[in-house]
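# when you get a sec, could you give me coordinates for this:
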Amino acid sequence: MKKLILAIILLVIIISLLLWGNHHITGTRSQVTPPDETASAGSDNGTNSGHPNLPLIDPDADDDEAVDDGKAIYLTFDDGPSSVSGEILDILKEYKVKATFFMLEPHMKKYPEMLKRMVKEGHGVGMHGVTHDKNKFYHSEQTALDEMIKGQSALESITGVKTELIRTPYGSIPYLLDSYRKVLNEQGFKLWDWNVDSSDWALSSHKYINVTIKQIKHIEQSGTTPIVLLHDQAVTAQYLHELLDYLKANGYTPKKIRQDTKPYSFTCYDRCRHVKE
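Numbering: from 1, shown residues only. As a prediction, this is how the structure comes out:
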C-alpha cells in the first residue's frame, strides 16, 4: 500500500512539473511579435511605391530654406546635366548655397548620377523639354506639353522626384502663345522665366559676370528678387566663383526655387507669335 501511495504522489509531481513547463513556454512565446506585424511596422516608410529602389524625396525639404540669412536670389542653370555639372555642384557646395537646374530629357539620361547628386544636395530641379528645337517644341500645344511630360517622367524615374517646375526653350517669349500656357497650366506645370540674363551663352569669358552684376543692381533698386539665367556649361563654371563672391559680399543668399514659390514668367501682351511666322 505504501508503495502505491508513493507511486501516486510521484505521478502527481511529474504531471504538475509538465503542466508548469508548458505554461512557461507558452507565456514566453506570446511576447514575440508575429512575423506579419514586424513586416508591417517597416512597410510604407517613406519609399516610392512606383520606384521601390528610390526614396520618395520631397524636393523642397532642406533646412537652409527655413533660415532668413540674407537677400534671396535665384540662380538657375539651363540645358544640363552636362560633363561640367559636377564642377558647378562643387562650387555651390563650397559656398553652401542652392540653385535650380532646368534640364533636358536626353541629358538627364546621359548623366543620371549628376541628376541624383543635384537632388541629394538639395538643389531645385525642373524640366527644359526634350529637343530644345523651337520648331519642334512650339509646333503645337500638344508637342510642348508632350516634351515636358517626357522630361518629367525621366526625372522621376531617375531620382524618385516629381516636379512641376518648367522653363521653355529660349524662354516663353515670343513663341509660347496663351493657348500653350493654358494647356501647360492645366497640367499643373509652373512656368519660370528670368529677370537677369547673364548672357553666358553668348560671352566667351568672365564678361558675363559684369553683365550679370549690373542687372542685379538694377533689379535690387526695384525691390524685386533677382532670377538669374545661367547655363550648365564650362565657361559659366569657370567664373562662377566671381559671381558668388559678389553675392556674398553684398548680402545675397542664393536659394533654390521651391514647388510653392510663386512662378515668374514673361507676359505675352502683343509680343507672342506662332513659331512659323
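# for Leu243, which non-adjacent residue is closest in space?
Excluding the flanking residues, the one nearest Leu243 by Cβ to Cβ, 6 or more residues apart in numbering is Ile209, at 5.4 Å. (Glycine included, C-beta is placed from N, CA and C.)
# what mean pLDDT does the helix or strand where the one you found lies get?
Using DSSP states H and E, Ile209 sits within helix 207-221. Averaging pLDDT along helix 207-221 gives 96.
# tell me the helices and strands packed up against it.
On a contact count with 3 or more Cβ pairs under 8 Å, 6 or more residues apart in numbering; DSSP states H and E, helix 207-221 meets strand 196-197, helix 234-249.
# what do you get if the cut-off is 6 Å, keeping everything else the same?
helix 234-249 (3 or more Cβ pairs under 6 Å, 6 or more residues apart in numbering; DSSP states H and E).
# list the contacts of the helix it packs on.
Residues from elsewhere that reach helix 234-249 (Cβ atoms under 6 Å, 6 or more residues apart in numbering): 84, 87-88, 91, 95, 200, 206, 209, 213, 230.
# what about these, which are in helices?
Among the contacts of helix 234-249, the residues falling in helices (DSSP state H) are 87-88, 91, 95, 209, 213.
# now, which of those residues sits nearest Pro106?
Ile88 (18.9 Å; Cβ to Cβ).
# distance of the closest one from Leu229?
14 Å (Cβ to Cβ, to the nearest Å).
# between those two, which has more neighbouring residues?
For Ile88 and Leu229, the more surrounded residue by other Cβ atoms under 10 Å is Ile88, and the numbers stand at 27 against 24.
# need the contact list for that one.
The contact partners of Ile88, taken as Cβ under 6 Å, 6+ apart, are Ala237.
# same thing but 7 Å
77, 232, 237, 240 (Cβ atoms under 7 Å, 6 or more residues apart in numbering).
# find the nearest non-adjacent residue to the second one, please.
Going back to what we said before, that points to Asp232. Distance criterion Cβ to Cβ, 6+ apart; nearest residue to Asp232, sequence neighbours excluded, is Gly80 at 3.0 Å.
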